[in-house]
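**Q** Let me see the structure of the following:
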Amino acid sequence: MEEQGNGENTEEELLQWAAAELDQVQARIGPRFRHAEARLRAGRFLQALLAPVESKNGWQMAEELGEQGPRAVQRLLGEADWDEEVVCDDLRAYVIEHVGDNGGILVVDKTGFLKKGKKSAGSLGSTVGLPGGGRTARSASFCSMPAPKARRL
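**A** Numbers count the residues shown, from 1 in each chain. As a prediction, the model looks like this:
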């Protein structure tokens, strides 16, 4: 993306750039979905993943997609005819093309954090021993790739 002279881009320019990049990703992975309906839903699903949805669970993703319930999202992820490994390879290639660096490294941070609230979706938390008694926690792995071009994302 070309920057303005002051190194800043307008919000409209950033949105246009992001939409064009998303179109590129959809064009790259689209052929991996055998049926047109799954191909279209996959593209919409990518858009929903990037939307400001509080929790990326089936119900909230379906709501973002304008669907009545999570069944279509679940069917896309679990039953549609597509090759997950090839799509993963396609996405990996896209990331390498755009932010890759021959000297880059992948940083994986497995961390834990305390569960907050009573409405968490997903797997059950683990009880961890902390001063003052056991607390329910979640664990997650975060990946990043420090590279000179990374700011382009």
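**Q** Pull out the buried positions in stretch 33-42.
**A** With burial defined by 16 or more other CB atoms under 10 Å, the residues of stretch 33-42 counted as buried are 33, 38, 39, 41, 42. (C-beta placed from N, C-alpha, C; glycine too.)
**Q** And the residue nearest to the second one when sequence neighbours are not counted, its phi and psi?
**A** Closest residue in space to residue 38, ignoring its immediate chain neighbours: residue 80 at 4.1 Å, by CB to CB, 6 or more residues apart in numbering. Recorded main-chain torsions at residue 80 are phi -60, psi 160, according to degrees, to the nearest 10.
**Q** how close does residue 80 sit to residue 86?
**A** 13 Å (CB to CB, to the nearest Å).
**Q** For these two, indicate the residue with more neighbours.
**A** Taking neighbours as other CB atoms under 10 Å, residue 80 and residue 86 compare with residue 80 leading, 17 against 12.
**Q** That one reaches residue 36, doesn't it?
**A** No. Checked against CB atoms under 8 Å, the pair residue 80 and residue 36 is beyond contact range at 11.3 Å.
**Q** So of the buried residues of stretch 33-42, which two are at opposite extremes in space?
**A** Comparing all pairs in those by CB to CB, the longest separation belongs to 33 and 41, at 8.4 Å.
**Q** Many thanks, I have nothing further to ask.
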